[in-house]
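Undergrad: Show me the folded form of this:
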Amino acid sequence: MMRPDEQPAFAGFMGMKITHVSPERVTAELPVREELNNRFGIMHGGAIMALADNLGGTAATANLPATGGSTATIESKTNFFAAIPAGEVAYAECTPLHRGRTTTVWQTKITRGDGKLAAIVTQTQLMMQKPGG
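TA: Here you go, the predicted structure:
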């Protein structure tokens, strides 16, 4: 089982830097480079969603029982508020809205360097415990 502070290769590919991991909060930074932009020179919505999904999965993993298990995103919703231009950094903070036995719900706020809210992503994670866990 991957520890919450360990990240999948995809996070490295994206350029995410996880800055805090706990059962209550996960934070990260992502420099917005050309490869993450849409045709208008701003961070692609899919890149924003991928950042949030990775944080939600990390947060859910941090809430698995000591006996282990895994998680999977089963629902995700994104609201976009402001663009993040190339050359800036996207800052993300993921916190729980609900932590149940079989599902958890996470909200990730993504802000720009000036503190302006760029997006909010709400996602549900399925919590799959190992048998006997």
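Undergrad: Give me the distance between Ile84 and Met49.
TA: Ile84 sits 13 Å away from Met49, going by C-beta to C-beta, to the nearest Å. For every residue, glycine as well, the C-beta is placed using N, CA and C.
Undergrad: Which one's more surrounded, those two?
TA: Ile84 (27 against 19; other C-beta atoms under 10 Å).
Undergrad: list the contacts for the more buried one?
TA: 32, 42-43, 48, 90, 110, 112, 118 (C-beta atoms under 8 Å, 6 or more residues apart in numbering).
Undergrad: hey, what's the nearest residue to it once chain neighbours are set aside bridged with?
TA: Leaving aside its chain neighbours, Ile84 sits nearest to Met43 (4.2 Å; criterion: C-beta to C-beta, 6 or more residues apart in numbering). Here Met43 sits in beta bridges with Asn37, going by DSSP bridges.
Undergrad: Hmm, Phe80 and Met43 touching each other?
TA: No. Met43 lies out of contact with Phe80 (C-beta atoms under 8 Å); the separation is 10.0 Å.
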